[in-house]
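Peer 1: how would this look folded up:
(chains A and B)
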Number of protein chains: 2
Amino acid sequence: MASVNRQVRLARRPVGRPDDSTWEVTSAPVPQPADGEFTVRVEYVSLDPAMRGWLNDVRSYVPPVGVGEVMRAHAVGRVHESRHDGYKEGQLVSGHFGVCDYAVSDGSGVIAVDESLAPPPVWLGALGFPGMTAYFGLVDVGRMKPGDTVLVSGAAGAVGSIAGQIAKLSGCRVIGLAGGPEKCAWLTDELGFDAAIDYKAGSVGRALHGAAPDGIDIYFDNVGGETLDSALAVLRKNARVVLCGAISGYNATDPQPGPSRYLSLLVNRASMTGFIVFDYLDRFPEGMAAVSEWIRRGELVTREQVETGGVEAFGRTLNMLFDGANTGKLVLKTTADS
Amino acid sequence: MASVNRQVRLARRPVGRPDDSTWEVTSAPVPQPADGEFTVRVEYVSLDPAMRGWLNDVRSYVPPVGVGEVMRAHAVGRVHESRHDGYKEGQLVSGHFGVCDYAVSDGSGVIAVDESLAPPPVWLGALGFPGMTAYFGLVDVGRMKPGDTVLVSGAAGAVGSIAGQIAKLSGCRVIGLAGGPEKCAWLTDELGFDAAIDYKAGSVGRALHGAAPDGIDIYFDNVGGETLDSALAVLRKNARVVLCGAISGYNATDPQPGPSRYLSLLVNRASMTGFIVFDYLDRFPEGMAAVSEWIRRGELVTREQVETGGVEAFGRTLNMLFDGANTGKLVLKTTADS
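Peer 2: All right, here's what the predicted structure looks like:
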């Protein structure tokens, strides 16, 4: 058991891609809980594309992480010492504990992790924010209905891989966009996608016309950029574009061009709508019930890529997201016994 | 009374701005109605930005006007000769009669014009498709509610001038974007807009921050281009962008850049939705009742700019739209007694 609390702090706001100068690892004593609090030994930290946005000093849906502050992150850990009636030592929980070995919590935003349903890393993926993002993005924002043709970009990622499967389980035809033949094979062979397009292999536009000759009803977008334009070109009447993310431009230092085909929304009476999963906290029980049931039945495949190296490995692990180096949910194991 | 039927036909698809080579005027005998039909002496033809789109040979919400065909147009005219039980000679009607002196109709899409409510040109504006576009764009697509801050571009045009007034009459705060001090003064002094921004006078972005320091809830967009980006920069949470048109790019020969700030939709959980007024034909009675009542009470100002010169003047009158040379609804009088 670690005797110090290593914490990853934002050392300098990155311009473009984060690098070693972005982060610093500090050490502090293991914290003590006050009355009504508990401490958590963090075991798994979630890596999310949205983290890149939190590093920019701009007004957004959450305040930026301050320079010198511990990096914000969702994590799973075990209660280490408790002075809170609702939590007892040894209990497994998830919450916004940050990139560190030990965190203090008063229970806000903390949920109990049921290992009998799925191992801890799944609670950062399908049973965590990525899974809820996929669920509410499709069900609520995308107004998904059986028979829809659904296109998902970043389809081999944490959100996309769950979104595609939820759409498929809901009676939709599903096409995934991913980088490389291995990811594409995983989508069709393991996850049951109807088709997968390797965006690195040639014209996405041409491939889309082939895979969706009658167009698409929903585009669940995780990547933005030219791919968004290709999707806009194949919208059907009353289509819904769900804006979940735009990872292709997150590290850009130049202004990124907008979707030049946006008037496809007009002629097709279509919509493009952004959303933030945090707005759905009240409805998480609905989403968790649905995803849990699919997992219980063995109908939903979850995949986690667990990297090791402790909190020190946070910076290079985060950058794997921008390199497309992960398949499924990317997680960092922070305990040494890996 | 004209003894021939002059018809304006599409001679050649324009590249960029339409010019003299785009149109040809042909003459034919005044048509005779068959059984169940009537003929109309067209008196006023509507000029609409959407017409430019109908000239392009692309898949859209209506088929393009074919080369050699009479130009599609909404118009008001008087029944000339009737073999239809529902229409009698001398009756004033509106419909898609085209740019011509005489049209044949079986009554499809034709509505009776009540001159006691408003003179004929108003039936091509506030009581025609532009008025219904404004109404359903705000009420249905924009989900307008009292207290919203509503920004309207092309605010001195046929749709924009009605949209802004409907928003104001519905309890919203309304800001208009228009070109030049005269139009802006008309918006605030005559139509009751809370503010007007002259987009030719300087930075729209800066002016918007001044006019809407807390941001906007609805952007009713008629123009597209950089103005759309400026509006995206000031969206409030849950804002709705209503895509009605994009006149700034209709004559462009180069690909037009898309809205580079579209991720404002994401962080603000906002939507951008296109619509076509023809989809609302079933609900026109609702929209007509509302607009008629506002006109009856004298609460809605309608303004029509009636150009003369007969059907031969169609081409140059249409181009006035792209030059911003109209205030309110642009109409061409096709009868000689003007």
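Peer 1: what's near enough to touch the residue nearest the centre of chain A?
Peer 2: By CA atoms, centre = their mean, chain A has its centre lying nearest to residue A:130, at 4.1 Å. Contacts for residue A:130 (CB atoms under 8 Å, 6 or more residues apart in numbering or on different chains) come out as A:48, A:124, A:158, A:159, A:162, A:329. Where you see a C-beta, it was placed from the backbone N, CA and C, and this is true even at glycine.
Peer 1: Phi first, then psi, for the second one.
Peer 2: The one in question is residue A:124. Backbone dihedrals for residue A:124, given as degrees, to the nearest 10, come out at phi -100, psi -10.
Peer 1: Can you name the residues that contact it?
Peer 2: Contact partners of residue A:124, counting by CB under 8 Å, 6+ apart, are A:44, A:45, A:46, A:74, A:75, A:76, A:94, A:130, A:304, A:329, A:331.
Peer 1: now swap in the fifth one and tell me
Peer 2: Under the criterion of CB under 8 Å, 6+ apart, the contact list for residue A:162 reads A:125, A:126, A:130, A:131, A:134, A:135, A:291, A:300, A:302.
Peer 1: pLDDT at the first one, what is it?
Peer 2: With respect to pLDDT, residue A:125 has a value of 98.
Peer 1: try the last one
Peer 2: At residue A:302, the model reports a pLDDT of 97.
Peer 1: so is it in a helix, a strand, or just coil?
Peer 2: Put simply, residue A:302 is coil when judged by DSSP: H, G, I helix; E, B strand; the rest coil.
Peer 1: these two touch, right, it and residue A:331?
Peer 2: No - if you go by CB atoms under 8 Å, residue A:302 and residue A:331 don't touch, sitting 11.4 Å apart.
Peer 1: the more surrounded of these two?
Peer 2: Between residue A:302 and residue A:331, counted using other CB atoms under 10 Å in any protein chain shown, the more crowded position is residue A:331 (27 against 22).
Peer 1: How many residues are close by the closest residue to the more buried one other than its chain neighbours?
Peer 2: Residue nearest to residue A:331 in three dimensions, not counting chain neighbours: residue A:121, with 4.5 Å by CB to CB, 6 or more residues apart in numbering or on different chains. By the criterion of other CB under 10 Å, residue A:121 has 25 neighbours.
Peer 1: so what's the backbone phi/psi at the residue of the stretch 101-250 of chain A found nearest chain B?
Peer 2: Scanning the stretch 101-250 of chain A for the residue nearest chain B gives residue A:243, at 4.6 Å (criterion: CB to the nearest CB). Taking degrees, to the nearest 10, you get phi -90, psi 100 for the backbone angles of residue A:243.
Peer 1: What does the pLDDT read for the residue nearest to it when sequence neighbours are not counted?
Peer 2: Among residues not flanking residue A:243 along the chain, residue A:274 sits closest, at 4.1 Å (CB to CB, 6+ apart). pLDDT for residue A:274: 98.
Peer 1: Residue A:1 now?
Peer 2: The model reports residue A:1 with a pLDDT of 56.
Peer 1: close enough to count as contact, residue A:184 and residue A:191?
Peer 2: No - the criterion here is CB under 8 Å, and residue A:184 misses it with residue A:191 at 10.6 Å.
Peer 1: Could you name every residue contacting both of these two?
Peer 2: With CB under 8 Å, 6+ apart, residue A:184 and residue A:191 have common neighbours residue A:176.
Peer 1: still on that earlier bit, can you tell me which of the contacts of residue A:162 is nearest residue A:235?
Peer 2: Residue A:235 lies nearest to residue A:134 out of the contacts of residue A:162, by CB to CB, at 20.6 Å.
Peer 1: Where does the residue nearest to the centre of chain A sit: helix, strand or coil?
Peer 2: Three-state call for residue A:130 (three-state DSSP): helix.
Peer 1: likewise residue A:282?
Peer 2: At residue A:282, secondary structure determined by three-state DSSP is helix.
Peer 1: again with the one 10 residues further on
Peer 2: For residue A:292, the secondary-structure state derived from three-state DSSP is helix.
Peer 1: In space, what's closest to it - neighbours in sequence excluded?
Peer 2: Ranked by CB to CB, 6+ apart and with sequence neighbours excluded, the top spatial neighbour of residue A:292 is residue A:117, at 6.0 Å.
Peer 1: and if you look at residue A:155?
Peer 2: residue A:176 is the one closest to residue A:155 (CB to CB, 6+ apart), at 3.0 Å.
Peer 1: And the helix or strand that neighbour falls within, how far out from the chain middle?
Peer 2: In this assignment (DSSP states H and E), residue A:176 forms part of strand A:173-178. Strand A:173-178 sits 17 Å away from the centroid of its parent chain (CA atoms, centre = their mean, to the nearest Å).
Peer 1: And the next helix or strand past it?
Peer 2: Under the assignment DSSP H and E, the closest C-terminal helix or strand after strand A:173-178 is helix A:181-185.
Peer 1: Please save the CA atoms from that next one in PDB.
Peer 2: Only the C-alpha atoms of helix A:181-185 are listed here, as PDB (Å, rounded to 0.1, in the frame of the first residue of the first chain):
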ATOM      1  CA  PRO A 181      -8.700  -3.000 -40.300                       C
ATOM      2  CA  GLU A 182      -8.400  -4.600 -36.800                       C
ATOM      3  CA  LYS A 183     -10.800  -2.100 -35.200                       C
ATOM      4  CA  CYS A 184     -13.200  -2.500 -38.100                       C
ATOM      5  CA  ALA A 185     -13.100  -6.300 -37.800                       C
END
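Peer 1: and it, which residues are buried?
Peer 2: For helix A:181-185, a neighbour-count test (16 or more other CB atoms under 10 Å in any protein chain shown) marks A:183, A:184 as buried.
Peer 1: And for the residue nearest to residue A:155, the neighbour number?
Peer 2: Neighbours of residue A:176 under the rule other CB under 10 Å: 31.
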